[in-house]
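Need coordinates for the following:
(chains A and B)
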Amino acid sequence: MGRDNGKMIRTKDLTFWQKLYLPEVFKGLSLTLSQMFKPKFTYMYPEERFQPPSSFRGRPILVEENGVERCVACGLCSRVCPALAIEVQASETELEKERYPVRFEINMVRCIFCGFCEEVCPEEAIIMSKEYELVFSSQEEAIFGKERLLTPAEQVRERLEFLRNSR
Amino acid sequence: MATITINGTEFQVDAKSTIIEAARANGIHIPHFCWHPKLSVSGNCRMCLVEVEQMPKLLIACATQVADGMVVKTKSERVIQAQKAVMEFLLINHPLDCPICDEAGECKLQEYAYQYSVGYSRFEEDKVHKPKRVPLGPNVMLDVERCIMCSRCIRFSEEIAKQPVLTFTQRGTHVVLTTFPGSELDNPYSMNVIELCPVGALTSRDFRFKARVWEMAATESVCNGCARGCNMNIWTRNNEILRLTPRQNEEVNSSWMCDYGRLETFKHVNASERLSGPSVRVDRELRSIGWEETVSELASELRGFRKNEIAGIGSAYATNEDNFVFQRFIKEVLGSKHLDLLPHVIEQVEDDLLIKADRTPNSLGARNVGIEPSSGGLSASGIRNAINDGSIRALYVLEDDIAADPEWHSVLQKLRLLVVHSAVQNATTALAHVVLPASTYAEKHGTITNFQGRVQRLQPAVATSETDRRMDGLAASRWDKFSSKNDRWGRPVKFDARPSWRILVSVAAALGTRMKYNTAEDVFGEIANVVPVYRGMSFARIGSKGVLSKSSPVPVKT
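Model (predicted):
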């Protein structure tokens, strides 16, 4: 429909069959019926769980290698995070990397799973995992510290390879 | 005067100046690393190359004197090519450890790499490795790999700090900055090399890895370490002071600041020995009670003394506003003539660069606003003797740890009532009957007057429990702006403290005298009306660089 000189103009009239509605109703019902005989997509969660591909962005984790985090606490993830979910406090270490995060916290209530932290990280130290099941019973519990974030590199090999290939 | 043309525009410039100085005086930026207006010319970084007409090669702007009729181009194709080449050479051996480096975010090399470099590296060979994490002295850490051999630190130590201990050894790409054997960089001004260093080769040991520079908020303030009053920036994150850096003011401190001022004047603001709240001594023990109860308790205690039994000790550590209200409180509200302050002078530390023997920031200002005995009143030593012989029984002390002086410590115990305004627990609060937690210099608005008579502004950088960073207009970083109670970093430590002038106004009100001050600016407005040397001044006029008052410097009595 358009407006011309302030007068409404009907561009197209419904046909007789369209006015009846019934054929359209049966068309819809037949589509629904035909789906019943096709394979199912539904996961019977929690018995059955979705196994995400390596491109999936689950909760961010810190990569642990030889018992220490790769992270050098540069704070770029914290800076780039649009939701301000990440807090990093650096300190000095005897290791060659000089600097390490004495505290690294992600507020999972703030996190929006955008993956900017992973993208900006110069050390490939923070990456997105496949984990998507996050439950908290308090705000305090939603703040993940190093103990919950550190994950051995072996467990996230797939994602690390994916990142390397997509660079 | 000489007439020169820079990038097609004619300028009248000082005939003795160099091209870089002439350009700078006219707002034209020529990139440079080794040149610094306060240091001798070294000319080794080659970053300031410019094209001068009729000269076959490019010239360094820092070491070329201007000449009448000179035509300079700072942005020609040849110059840009040269800048790219210089940057490429500088970056060949510079490590890519910006994520670790404390200088990142305020690094000249990082900034120029964006502005004057090609943006990628053609260098595929191994970088030269040199010593890292070398303590050059008690306050400065050296990373030789990051050094671009500009020699600013060497020239500063030699020319300004007069401690020529730094030098280069080796040749070519293997040049190493080092101290002479058996010496270390430990002069009182050593930390100035940190800001001078255009890269992260020299960093602060105290601030090492504490925070990234972009996480902090900077507040313009004035150092409280001595009577010089060096202009500085207070850097805070999460309501905690992390470092102090000099702010340029040619009239006061040039571009410098001493190590003592940088390191020893802010720790007490964050300290665990801060007072938790107002408290009153009950049965030999200090008991914390609320502000209102403390003030009314104090008022009823003060009513129990005759006028000449009370004395006041002002403070050269407190602001002009605090001292002005204090002298009104002692003289007008309590009606006492006995008012003075204690000097804190250490003659040996004074030098001819910045450090003053007077270790207090505001002794001149405190005197100017009236911290002195009224006619017939007792001076500090007189007050001490009068306490000793029992004729003075109540003492009101403003922000000074007078009990640290053993002579005072012994007499203070004879007092019936000792009232103290203090930020931290100290020897005086340990003896006091009423303790009122005062805001530190970093938590309030106010003015202090340095030894020259220059009135300078203090601004709050740290919020107390009654102030809010955003509502009260304190400098705020991105994190300060967007924090919420759900974030651990959104719950900073705030101390329950108030500016002394405000505490005094409430005690005066409890004693039945209304002083009509709502802000520090109100108090200063009255000071500007009442005190002749400050006539006509206002916070706005003082601004960030201060205003010289008409007060002549008074010699400080020891």
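
Can you report how many residues lie near the residue in chain A that chain B sits nearest to?
Taking Cβ to the nearest Cβ as the measure, chain A has A:Cys74 as its residue closest to chain B, at 3.2 Å. To be clear about C-beta, it is placed using only N, CA and C from the backbone, and glycine gets the same treatment. By other Cβ atoms under 10 Å in any protein chain shown, 24 other residues sit near A:Cys74.

swap in B:Glu159?
Residues within reach of B:Glu159, counting by other Cβ under 10 Å, total 12.

Same check on B:Ser272?
For B:Ser272, the neighbour count with other Cβ under 10 Å is 7.

Okay, B:Glu10 and chain A: tell me how far apart.
B:Glu10 sits 44 Å away from chain A, going by Cβ to the nearest Cβ, to the nearest Å.

where does that residue fall, helix, sheet strand or coil?
strand (DSSP: H, G, I helix; E, B strand; the rest coil).

where in the chain is pLDDT low?
In the absence of a named chain, this looks at chain A. Chain A contains residues with pLDDT under 70 at A:1-7.

not quite, I wanted chain B
B:551-558.

And for the closest residue to chain A within it, the neighbour number?
Here chain B gets closest to chain A at one residue, B:Pro99, 3.2 Å apart by Cβ to the nearest Cβ. Neighbours of B:Pro99 under the rule other Cβ under 10 Å: 19.

Spatially nearest residue to it, not counting backbone neighbours?
Leaving aside its chain neighbours, B:Pro99 sits nearest to A:Cys74 (3.2 Å; criterion: Cβ to Cβ, 6 or more residues apart in numbering or on different chains).

Please verify my assumption that the one you found contacts B:Asp97.
No. At 9.3 Å, A:Cys74 does not count as touching B:Asp97 under the criterion of Cβ atoms under 8 Å.

Tell me where chain A has helices.
Along chain A, counting by DSSP state H, helices occupy A:16-20, A:22-35, A:76-80, A:116-120, A:146-149, A:157-165.

ditto for the stretch 401-550 of chain B
For the stretch 401-550 of chain B, the helices defined by DSSP state H, counting those that start in this stretch occupy B:406-412, B:427-431, B:478-482, B:500-510, B:520-530, B:539-542.

Pipe those helices into CSV and attach distance to chain A and mean neighbour count per row.
Formatted as CSV, the helices of the stretch 401-550 of chain B follow (distance: least, Cβ to the nearest Cβ, whole Å; neighbours: other Cβ atoms under 10 Å in any protein chain shown):
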stretch, distance to chain A, mean neighbour count
helix B:406-412, 40, 16
helix B:427-431, 32, 19
helix B:478-482, 5, 16
helix B:500-510, 34, 23
helix B:520-530, 33, 19
helix B:539-542, 34, 14
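
B:Leu177: which of these is closest?
helix B:478-482 (34.9 Å; Cβ to Cβ).

Need the residues that contact the closest one.
A:84, B:214-215, B:217, B:237-238, B:469-470, B:489 (Cβ atoms under 8 Å, 6 or more residues apart in numbering or on different chains).

try 7 Å
A:84, B:215, B:217, B:469-470, B:489 (Cβ atoms under 7 Å, 6 or more residues apart in numbering or on different chains).

what do you get for stretch B:282-294?
For stretch B:282-294, the surrounding residues in contact (Cβ under 7 Å, 6+ apart) are B:276-280, B:434-436.

Equivalent analysis for stretch B:239-246, please.
B:195, B:204, B:207, B:210-211, B:216, B:223, B:230-236, B:253, B:255-257, B:261-262, B:265-266, B:269-270, B:442, B:461-463, B:492-494.

okay, now the nearest residue to B:Leu458 once chain neighbours are set aside: neighbour count?
Using Cβ to Cβ, 6+ apart and skipping residues adjacent in sequence, the residue nearest B:Leu458 is B:Gly446, 4.7 Å away. Residues lying near B:Gly446 (other Cβ under 10 Å) number 28.
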